[in-house]
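[1] My questions are about this predicted structure, shown below with the sequence.
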Amino acid sequence: MAKKLMKGSEAIGEAAIQAGCRYFFGYPITPQNEIPEYMSRRLPQEGGCFLQAESEVAAINMVYGAAGAGARVMTSSSSPGISLKQEGVSYIACAELPCVIVNIMRVGPGLGGIQPAQGDYFQATKGGGHGDYHLVVLAPSTVQEAADMVMEGFDIADTYRIPVMVLGDGMIGQIMEPVEFRQPKKREVPAKTWAATGWEDKSRDRAVINSLYIEPEQMLEVTERLMARYEQIKQNETKVETFMMEDAEYCITAYGTTARIAKSAVLKARAMGIKVGLIRPITIWPFPSEAYEKAADQVKAFLTVEMSAGQMVEDVRLAVNGKKPVYFKGTLGGFVPTTQDMVNELVKLTEGRE
Amino acid sequence: MAVVFEKTKMLTDVPFHYCPGCTHGIAHRLVAECIEELGMADKAIGVAPVGCAVFAYNYFNCDMMEAAHGRAPAVATGIKRVHPDKLVFTYQGDGDLASIGTAEIIHAAARGEKVTTIFINNAIYGMTGGQMAPTTLEGQVTTTSPYGRQKDHCGLPIRMSEIIATLDGACYVERVSLHDVPNIVKAKKAIKKALTYQMEGKGFSFIELLSTCPTNWGMTPVAALDWLKENMIPYYPLGVKKEVE
Amino acid sequence: MLHQIISAGFGGQGVLLLGQLIAYSGLQEGKNVSWLPSYGPEMRGGTANCSVVVSDEEVGSPVVTEADVVVVMNRPSFEKYEGNVAPGGKLFVNSSLIDLKTERTDIEVYYVPVNAIAEELGNGRVANMVMLGAVLEKTGIVSPKTAIACLTASFGAKKAHLIPVNEQALAKGAEAVK
């Protein structure tokens, strides 16, 4: 299939459809309106259902219903709207329902602004809602990757019965880049025998989709099951890209949009004689700690760059575990860092000025 | 020997956790009997609320989902959109439906979601221990209105059936009561009609059941039935609020 | 090769389309491309701009701050983006609407009265295509033929009758800077 030039948001919508998603529940918020708009146009053509909910709260609970009923379902929003969805996300995680949630991050806190940011890293990777749970969080840095991740995200969700978040930012949502829709690696996705579809087939148990376990023993069992599954996901699904790390003396690290800029910074700094490489987490949960542990024996220092006041840097520091200094450069307000900004920081690093 | 009475198979064979004298048990049985009598037991998917009926998934003998507080109509929407041929119902109390879940119920009705909502109005929060509900009557004492509900302070109770009846998407709205046998018989008829209308694709159907909470009202079950009749029915008039043929 | 382009003007002047056509054409010619619009309140009636990158390599930052090509279609854009032309880069000024001259000496500047030229062609709306003609003539980022092919594909049968005037606009723009 030939590559098409598509907006990130529209590519995300098309990828979901290509992955067999036929249900979308959402609520408008900038800068991701092209996703619900695209789905409202395309889903009826595919015999699916797009519904604009009365709120993000309702939308995520419609996702709960559709996922519990056995369908591939997606919702999307941007930061303030994702905050509203958190209650539902926690319930979905506990009820072990698969779905894909897209967050096209904008700058916060509060109503914030509509420009790109990465301030929802904590929310996405550390819980967001209440209780002990995780989402699988995929962080695309190109439109192609956003499409790939949405498609594979549905498979991951179904395989582990877990909500998967695709965490992009305003830039990924708005940018146009070439994209082709390609099926992810083949997985053995289990049948949804647990779904509430009407109890016609009496060979299965009555389906009860639930997140309430009043007996501590039961709650313990459920949480332990979730934790065991998270371990499995850490083993199987952790993804990271390393770039020019072989002989690197310094490591710059970033995810999503920031990482592609960091890659340019690596090339520019290399041209100036600075031996720097990049570690780019592709999954930010599970976090690719091993890549950092390994690099900590090799490089002199790390530089984490984010469009936030410093969130992923905490995971980098945990992984590096004090072996080497980990510096941070954040960009706030909705500004996007430039390649030169990053090169300047790398120069400072080599001069020991941090 | 001829069988003269049998418990509906649409209820599981476990004891209810409800307090003695509570009308939830009657309401459950009416809903379950209607589904069974309509031959829809294998095609029903129910949504339980948060509140006293939170464990409804343990009692209704069909596929069930448990929703977050107030969100049952949104969950039901998701289910029905995936399975338009199934009988989908929510079972919600007054805190769940008329307070935290107001947006969800109004919009499900406005969209004409082809689902049925069973609304238990007992004028109080039962599960959490007797706090004021949006349907608590003026002057009624609860644990969070110890001087009685004051109109100047928190307004007067909400009449949900009348509100829902104003929405074009609703095809059938009726308020019934569970305080005596003739009314229970009427309630069953209403529930059956609501479910039938759903299956006929007419739109959203809504049955409000005036119910008692002897424990949190601080009354004997019998006194509670009388209190319902004397205090609730004057404020919450019974009858069909809307019916689209 | 690496081209980093900023195209800016009033909403409605076709500056976003101008950038998209460069990106589409670059893709057709086998390059890596990205197109990033400004978004938000700016979109509604005020100024619009986009960053375009056309490159042999993977596109790093899609945000262009040091551009080798800057197109400004109105005065506010001139004032805002004149400084974003990298030394040695090219600035294309719509001299029909902008009476300012740059004081920079480290860049190449082309003043093209694109509105006047478009009016001469009988269709004021092709001013952006006149500008694109000038840009392609001086930079060779993509071939004008590819641009027309892309425009033809996106216009479809309904608007096919508009292709000739767009073709003329590209040619006139190129001529103006020869």
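    Great, that's in hand.
[2] A helix includes C:Gly89, no?
    No: using DSSP: H, G, I helix; E, B strand; the rest coil, the secondary structure at C:Gly89 is strand, not a helix.
[3] Could you look up the SS state of the spatially closest residue to it that is not a sequence neighbour?
    In space, and not counting its chain neighbours, C:Gly89 is closest to C:Asp68: 4.3 Å by C-beta to C-beta, 6 or more residues apart in numbering or on different chains. From N, CA and C alone the C-beta is placed, and that goes for glycine too. Following three-state DSSP, the label given to C:Asp68 is strand.
[4] So C:Asp68 sits against C:Ile5, correct?
    Yes: shown here, C:Asp68 and C:Ile5 form a contact pair, counting by C-beta atoms under 8 Å, at 7.5 Å.
[5] of these two, who's got more company?
    More crowded of C:Asp68 and C:Ile5, by other C-beta atoms under 10 Å in any protein chain shown: C:Ile5, with 27 against 19.
[6] Quick check: nearest residue in space to the residue of chain B found nearest chain C, chain neighbours excluded?
    With C-beta to the nearest C-beta, the shortest gap between chain B and chain C falls at B:Ala103, namely 27.6 Å. Nearest residue to B:Ala103 in three dimensions, chain neighbours excluded: A:Glu54, at 5.3 Å (C-beta to C-beta, 6+ apart).
[7] what about the one you found, distance to B:Asn121?
    22 Å (C-beta to C-beta, to the nearest Å).
[8] Looking only at neighbour counts, state which of the two leads.
    B:Asn121 (27 against 19).
[9] gap between B:Ala41 and A:Ala254?
    The gap separating B:Ala41 from A:Ala254 is 56 Å, by C-beta to C-beta.
[10] Likewise for A:Ile261?
    Taken as C-beta to C-beta, the span from A:Ile261 to A:Ala254 is 8 Å.
[11] where do the contact lists of these two overlap?
    Residues touching both A:Ile261 and A:Ala254 (C-beta atoms under 8 Å, 6 or more residues apart in numbering or on different chains) are A:Val305.
[12] What pLDDT does the model give the residue of chain A at minimum distance from chain B?
    Closest residue of chain A to chain B, C-beta to the nearest C-beta: A:Gly65 (2.4 Å). At A:Gly65, the model reports a pLDDT of 98.
[13] Show the low-confidence segments of chain A, by residue range.
    Applying pLDDT under 70 to chain A flags the ranges A:1, A:353-354.
[14] B:Phe89 is in contact with B:Lys43, isn't it?
    No: taking C-beta under 8 Å as the definition, B:Phe89 is not a contact partner of B:Lys43, at 11.4 Å.
[15] Next, the contact list for the closest residue to chain C within the stretch 1-150 of chain A, please.
    Chain C sits closest to A:Ile114 of the stretch 1-150 of chain A, with a gap of 4.8 Å, by C-beta to the nearest C-beta. Contact criterion C-beta under 8 Å, 6+ apart gives A:30-31, A:78, A:106-107, A:170, A:334, C:39-40 as the residues in contact with A:Ile114.
[16] how much space between it and A:Gly330?
    19 Å.
[17] Beta-bridge partners for B:Gly239, please?
    Beta bridges link B:Gly239 to B:Arg175 when assigned by DSSP bridges.
[18] Tell me, how many residues neighbour it?
    Applying other C-beta under 10 Å, we find 11 residues neighbouring B:Gly239.
[19] Thought B:Arg175 was touching it, still the case?
    Yes: assessed by C-beta under 8 Å, B:Gly239 is found in contact with B:Arg175 at 6.5 Å.
[20] now C:Ser143: how far from C:Glu29?
    7 Å.
[21] If you could redo that for C:Pro164, that was the one I meant.
    In terms of C-beta to C-beta, C:Pro164 sits 23 Å off from C:Glu29.
[22] do the same with A:Glu293
    A:Glu293 is 44 Å from C:Glu29, where distance means C-beta to C-beta.
[23] give me the number of residues near residue 153?
    This is for chain A. 28.
[24] oops, I was thinking of chain C
    Using other C-beta under 10 Å, the number of residues around C:Ala153 comes to 10.
[25] mind listing what's buried in whichever strand or helix holds it?
    Taking DSSP states H and E as the definition, C:Ala153 sits inside helix C:144-155. By 16 or more other C-beta atoms under 10 Å in any protein chain shown, the buried positions in helix C:144-155 come out as C:144, C:146-148, C:150-151.
[26] Closest one of the residues you listed to chain A?
    Once C-beta to the nearest C-beta is applied, the member of the buried residues of helix C:144-155 that ends up nearest chain A is C:Cys150, at 9.2 Å.
[27] Surely the closest one and C:Ala23 touch.
    No: if you go by C-beta under 8 Å, C:Cys150 and C:Ala23 don't touch, sitting 9.2 Å apart.
[28] who touches both of those two?
    By C-beta under 8 Å, 6+ apart, C:Cys150 and C:Ala23 have no common neighbours.
[29] Name all residues that make contact with B:Thr194.
    For residue B:194 the amino acid is Ala, not Thr. For B:Ala194, the contacting residues are B:116, B:172, B:174, B:205-207, by C-beta under 8 Å, 6+ apart.
[30] Now the two most distant members of those residues.
    B:Thr116 and B:Glu174 (11.4 Å; C-beta to C-beta).
[31] Overlap in contacts, the two.
    B:194, B:206-207.
[32] Now do the same contact list for residue 93.
    Going with chain A. Contacts of A:Ala93 by C-beta under 8 Å, 6+ apart are A:129, A:131, A:133-135, A:162-163, A:226.
[33] that answer is for a different chain, and I need it for chain B
    By C-beta under 8 Å, 6+ apart, the neighbours of B:Gly93 are B:49, B:51-53, B:119-122, B:125-127.
[34] Ok, B:Met199 next?
    Contacts of B:Met199 (C-beta under 8 Å, 6+ apart): B:38, B:40, B:87.
[35] same check, this time on C:Val63
    Applying C-beta under 8 Å, 6+ apart, the residues contacting C:Val63 are A:171, A:261, A:336, A:338, C:36, C:51.
[36] give me the number of residues near B:Asp13?
    Using other C-beta under 10 Å, B:Asp13 has 8 neighbouring residues.
[37] And the furthest pair within the contacts of A:Ile114?
    Farthest-apart pair in the contacts of A:Ile114 is A:Val107 and C:Tyr39; separation 12.9 Å (C-beta to C-beta).
[38] List the buried residues in the helix ranked longest in chain B.
    For chain B, the helix with the greatest residue count under DSSP state H is helix B:181-199. By 16+ other C-beta under 10 Å, the buried positions in helix B:181-199 come out as B:183-184, B:186-188, B:190-198.
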